[in-house]
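Colleague: quick one, fold the following:
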Amino acid sequence: MTSTAPAPVTAPTSSFPPASYPIGTPGQPWGPAELAQWRALQVRQRSYANDVLAVVDTLRDRFDVRSYGEVAYGEDRYALQCIRPRQWAAGRPTILITGGVHGYETSGVLGALRFVQAHGDRYADRVNWLVAPCVSPWGWERIQRWNHDAIDPNRSFRPGTTVQEAAALLALIAPLQGQFAAHIDLHETTDTDESEYRPAVAARDGKAFEPGSIPDGFYLVDDTDNPQPAFQHAVLQAVAQVTHIAPPDAHNEIIGSPMTEPGVIRYQLAAWGLCASATGARYTTTTEVYPDSPRATPEQCIAAQVAAVCAAVEFVCGATTPG
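Modeller: All right, here's what the predicted structure looks like:
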């Protein structure tokens, strides 16, 4: 349950190091040498096979588990797997649930798997849910936002993309285009977004780093071109029973974007190539959990992701029920 103590608006700026990055020359985009230097620093820290595939294997006796491609970088090869109910039926609303588009966002992957484990059976005869629990396995193992080529998969969901992680998911859902009622994409906003990722982006692109802030709490990203405030509200109501919702900063913004409703901002999902735009569904959202908050445990972060998915499913079931 949510604590009664007031939530800080953002993480303290003292949490972050000075705005610098050890790779590259300021003002100059990276070339092959800088990319190789960055790649050499990426060390495998956990196992996709043990953390994800082994869990998926335990679900095979209850659900339909399918391979939808492979991510391959040199000798590193990762089988991409998805899960769906065996009771898949035409005429039911179809919902896509994605985790691990950014490999370092742990609760998105574990939350997607937890949803299937704990709630998959409950919804199996109500909706056609399709779960891709870890879109970016190379990033999962290295606890990294980017893929092997220093590309953010979550800017790559566009027709004709050559980014392996995005291309595989787009191929998976292509036969179902036009059938999706909803897509919920599970993410985190972490302190390393400010201490590592944003400085890295600036260095890679030869731009100046502009410090920002990290909101303390859970929030959602709606679609500027297709806003669905009632859907976002339903998801946030469920999550608020598990963890705290991020307040806006002094400018009424969350992570640099205007707050449109409590706990909600909007992005141009398709224009930015974001995963949540991939299905063209009416109801879409990107969850953002803050795992570094002193007011949230890792278990709360996973539970918040699961609560968000269940609320999204329930909303869609209600919205698509005749009469």
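Colleague: return the residues in contact with residue 257.
Modeller: Counting by C-beta atoms under 8 Å, 6 or more residues apart in numbering, residue 257 makes contact with 265, 266, 267. From N, CA and C alone the C-beta is placed, and that goes for glycine too.
Colleague: and the last one, how many neighbours?
Modeller: A total of 17 residues lie near residue 267 under the criterion other C-beta atoms under 10 Å.
Colleague: which residues does it contact?
Modeller: The contact partners of residue 267, by C-beta under 8 Å, 6+ apart, come to 221, 222, 223, 224, 257, 274, 286.
Colleague: mind listing the helices for the stretch 51-200 of the chain?
Modeller: 54-57, 106-123, 137-142, 164-173, 191-192, 198-205 (DSSP state H, counting those that start in this stretch).
Colleague: quick revisit: PyMOL command for the buried members of the contacts of residue 267?
Modeller: In PyMOL, this line selects whichever of the contacts of residue 267 come out buried by 16 or more other C-beta atoms under 10 Å:
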select buried, resi 221+222+223+224+274+286
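Colleague: relative to residue 105, which of the contacts of residue 267 is nearest.
Modeller: Proximity of those to residue 105 was ranked by C-beta to C-beta; the top entry is residue 286 with 10.8 Å.
Colleague: you'd agree that closest one is in a strand?
Modeller: Yes. The assignment for residue 286, made by DSSP: H, G, I helix; E, B strand; the rest coil, places it in a strand.
Colleague: if I pick it, what's in contact with it?
Modeller: With C-beta under 8 Å, 6+ apart, residue 286 has these contacts: 184, 185, 187, 220, 221, 267, 269, 274, 275, 276.
Colleague: among the residues you listed, name the ones in strands.
Modeller: 184, 185, 187, 220, 221, 267 (DSSP state E).
Colleague: picking up where we left off before, of the helices of the stretch 51-200 of the chain, which is nearest residue 29?
Modeller: Nearest of the helices of the stretch 51-200 of the chain to residue 29, taken as C-beta to C-beta: helix 198-205 at 5.6 Å.
Colleague: in the closest one, which residues are buried?
Modeller: Across helix 198-205, burial judged by 16+ other C-beta under 10 Å covers 198, 199, 200, 201, 202, 203, 204.
Colleague: with stretch 161-172 instead?
Modeller: Buried positions in stretch 161-172, judged by neighbour count with 16+ other C-beta under 10 Å: 161, 163, 164, 165, 166, 167, 168, 169, 170, 172.
Colleague: then stretch 53-63?
Modeller: Buried-residue list, stretch 53-63, by 16+ other C-beta under 10 Å: 53, 55, 56, 59, 63.
Colleague: can I get those in JSON lines with pLDDT and distance to residue 35?
Modeller: Listed next are the buried residues of stretch 53-63 as JSON lines, based on pLDDT from 0 to 100; distance: C-beta to C-beta, whole Å:
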{"residue": "53", "pLDDT": "98", "distance to residue 35": "28"}
{"residue": "55", "pLDDT": "98", "distance to residue 35": "32"}
{"residue": "56", "pLDDT": "98", "distance to residue 35": "32"}
{"residue": "59", "pLDDT": "98", "distance to residue 35": "37"}
{"residue": "63", "pLDDT": "98", "distance to residue 35": "39"}
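Colleague: so which of the residues you listed is the closest to residue 98?
Modeller: Nearest to residue 98 out of the buried residues of stretch 53-63 is residue 56 (C-beta to C-beta; 14.4 Å).
Colleague: which non-adjacent residue is nearest that closest one?
Modeller: Using C-beta to C-beta, 6 or more residues apart in numbering and skipping the chain neighbours, the partner closest in space to residue 56 is residue 81 (5.2 Å).
Colleague: and the one you found, what does it touch?
Modeller: When contacts are counted by C-beta under 8 Å, 6+ apart, residue 81 touches 52, 53, 56, 65, 66, 67, 68, 133.
Colleague: wait, which of the helices of the stretch 51-200 of the chain is closest to residue 236?
Modeller: Comparing the helices of the stretch 51-200 of the chain against residue 236 with C-beta to C-beta, the closest turns out to be helix 106-123 (15.6 Å).
Colleague: re earlier: between the buried residues of helix 198-205, which is nearest residue 28?
Modeller: Using C-beta to C-beta, these come closest to residue 28 at residue 203, 9.2 Å.
Colleague: if we can go back for a sec, save the helices of the stretch 51-200 of the chain as TSV, and put in distance to residue 46 too.
Modeller: As requested, those are exported to TSV (distance: least, C-beta to C-beta, whole Å):
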stretch	distance to residue 46
helix 54-57	12
helix 106-123	9
helix 137-142	6
helix 164-173	17
helix 191-192	15
helix 198-205	20
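Colleague: good, we can wrap up now.
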